[in-house]
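Trainee: One predicted model, sequence on top.
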Amino acid sequence: MSHDSQDPSPDAPPSDAVDVPVPAPGALVAMLLTAVTLAAVIALAIEWPEYRTLLFAHAADTPSFGQDLLILWAVWSKTLVLLAPVLLVSAALLRTRWRALAAWVFGAGTVFVCVWILFDLYIHHTYGWHLLTLLPHIGEVAAAENVGGYGRWVASLSGIVVATSAAMLAIWWVWRRGVRGAPRLAGLLSTPRRAAVTTLAVALMTLAPVGLRNYVGQAMLYERACEIMPVDMRIVTRGVAPTHLSDPVLVAIDTRARDVVERLPADARVPDPPLTITPADRAGPHPDVLMIVCESLNADIAYHHAMPRLAAMATDWMRFDRHYAGSNHTDAGLFALLHGGSAIVRAPLLAQGLPPNACGVFRSLGYETAYVSGVRWEKIDDFVNARTFDRYVHDLPGRRAGRDEHAMRRVVEMLNEPHDRPRLVVVFLESSHYPYTAPESYAATPVPGLNPADYGADAFSPGLRKYVEDYHRTLMYLDELIAGAVGRLNLSRSIVLVTGDHAEALGHDGTVGHGTRFSDAQCRVPLYIGGVGVPLRHVESLTTHQDVLPTVLHAVLGRDVSLAGTDGRDLLSTQPVADEALLYATINETCNLVLMRGDDRLAFKVDLAARRIACRGFYSPTWRYLPDHGQKMADVNGWVDLLDRRLRTLLASGAATP
């Protein structure tokens, strides 16, 4: 049947003599209004409160009306953009004989898009990752109790599907009846001319946040809102895109930071050797050095709750209260610890075929080096392997807790058996990585004094309580394991340090796990150093893993140490230590470099290979964006100088320093 012979929709108004009627305008209007309304309901009732919480640091930081409107509109328009293909396909089907199919396509497509948005929000709220980022690791979900495993995923997804379908059908029913009873409403799409005007109006509403961000002076807030949504709706979404900032402080930092990065040398090389070794340095005798690195070690929990034996043993050691792992995930954190410098230099180091500085410098001092862990971690294979260490022990028998026991037993044997050369031993313990596998004997161990407010909750849900209790029990186990092993060593001829490769969030920053934010919960780790040449000292200034190697070398050599081509600082030096730090990650999409000065932290997205950088604004310790950051133009020089100094130290070629 030709289109000319089709009956017009009964609810269609009379067409103009000049315009050609659009088939089924009432159905299409109902679809459009249903999509707009459903997107608004989801944005206002569900998404807006969640993103509002993520974007502002504290309840006291009440957003202005303009900020609230910008967030809400950005979230709403994002859903409309995602629903646009569904509406276009449905509109095309309405022009054919497949009009009944158009309704099914619209209904199924709308429910699919909205369910994906809501389920992504659930996963992001619980796990800290967006669904598309998590899908490549779907095989790990079966054991992922912090997101409920497959069972809770299916239950939550089913509930979201049912609720979304019911809401969509109810809204569709209301608008379909409304369109039938209001010919003027149906006329919005009754002719090509009116359809074009209506489409343009919807498009302008969808794009309104782009103009609104400048009108309310919150371009950076819009940037951040786009980055934390499941899809980035900006035109430029990948790589390092110039950020159009309206905040004069951020504009100045962004502009000058680009100058800093553009002036960096294109042929940066890691100095070799990083430290000139004198005959007196080699003379010795030198103590053994043991680095105990625990997976996912949260500083607050380790210091104050779960590891009392270690704290009691280390009463006369150095303790660092504001120590950061240098990153929020294993490979960058462990690299910073072993190299004495940020993982920014990992690529040039490996390109030159060099080991991390700990391996090279200690070998130069006559040490035998060893790495011991229960399992081989592929992400660190390029700098932790049988080439970089003299002895490389991994794949020990048993499950995680059992492998850690084997590892510590092997370490104690290595250090207590007779040996002519001093030894550097790095042991990596894995029990405290999710899913937190303490031995069964710890299953009934009570975990007293838990306060849900410490974990970002008003009350513990059953899932969060189990998550927190399992983590505490695993740290209790490691506390006993480490204290027992260190107690069997001779500390009169050894140096021992205990720390984590990164920290672990258990709701503190709105997420569980690590690798997603530069919050204190994911980056701040405990650090104890004790033994020969290490004084009793309580360090309260900002320190990172980059500082550990030069500090340990000072204890070994009895003199100040500065490693060329690194940003690590000798914390035993008589020189004052600035209250500043640099954090770097390789897997974060929003930003990958953070500068810290005191309690302030400034984020950047940087691509050093392409010599590009973009300022991402200031954040709180819980990793909430701070539109009202309190920084002045007078502070710009300090931030840019810190960036310039750190990057030039890391990436400018230099000679070894004695």
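Mentor: Yep, it's here.
Trainee: Poorly predicted segments of the stretch 401-550 of the chain, please.
Mentor: Applying pLDDT under 70 to the stretch 401-550 of the chain flags the ranges 457-459, 461-463.
Trainee: Kindly export stretch 567-580 (C-alpha atoms) in CSV.
Mentor: What follows is stretch 567-580, C-alpha atoms only, in CSV (Å, rounded to 0.1, in the frame of the first residue of the first chain):
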residue,chain,number,x,y,z
ASP,A,567,61.8,13.2,42.7
GLY,A,568,62.5,11.1,45.8
ARG,A,569,63.8,13.0,48.9
ASP,A,570,66.1,11.8,51.6
LEU,A,571,64.0,12.2,54.7
LEU,A,572,67.0,11.6,57.0
SER,A,573,68.8,14.6,55.5
THR,A,574,69.4,17.7,57.6
GLN,A,575,67.8,19.7,54.7
PRO,A,576,64.2,20.7,55.3
VAL,A,577,61.5,18.7,53.6
ALA,A,578,58.7,20.6,51.8
ASP,A,579,55.1,19.7,52.6
GLU,A,580,54.4,18.6,49.0
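Trainee: Now tell me what touches it from outside.
Mentor: For stretch 567-580, the external contacting residues (C-beta atoms under 8 Å, 6 or more residues apart in numbering) are 318, 340-342, 534-535, 539, 541-544, 546-551, 553-555, 560-562, 582, 595-598, 642, 646, 649-650. Heads up, the C-betas are built off the backbone N, CA and C, glycines and all.
Trainee: Show me which residues of that stretch are buried.
Mentor: Asp567, Gly568, Arg569, Asp570, Leu571, Leu572, Glu580 (16 or more other C-beta atoms under 10 Å).
Trainee: Show me the contacts of stretch 567-580 that map onto helices.
Mentor: The members of the contacts of stretch 567-580 that map onto helices under DSSP state H are Val548, Leu549, Pro550, Thr551, Leu553, His554, Ala555, Leu642, Arg646, Thr649, Leu650.
Trainee: So among these, which ones count as buried?
Mentor: The neighbour-count test (16+ other C-beta under 10 Å) applied to the ones in helices among the contacts of stretch 567-580 identifies Val548, Leu549, Pro550, Thr551, Leu553, His554, Ala555, Leu642, Arg646, Thr649, Leu650 as buried.
Trainee: Pull the most distant pair out of these.
Mentor: Largest separation among these by C-beta to C-beta: Ala555 and Leu642, giving 27.2 Å.
Trainee: what about stretch 507-514, how long is it end to end?
Mentor: Distance across stretch 507-514, first residue to last, is 11 Å (C-alpha to C-alpha, to the nearest Å).
Trainee: Please enumerate the helices of the stretch 351-500 of the chain.
Mentor: For the stretch 351-500 of the chain, the helices defined by DSSP state H, counting those that start in this stretch cover 357-364, 400-416, 462-487.
Trainee: what does the stretch 151-300 of the chain give?
Mentor: Going by DSSP H, counting those that start in this stretch, the stretch 151-300 of the chain shows helices at 183-186, 192-215, 219-228, 248-262, 279-283, 299-301.
Trainee: Counting neighbours, what do you get for Pro348?
Mentor: 18 (other C-beta atoms under 10 Å).
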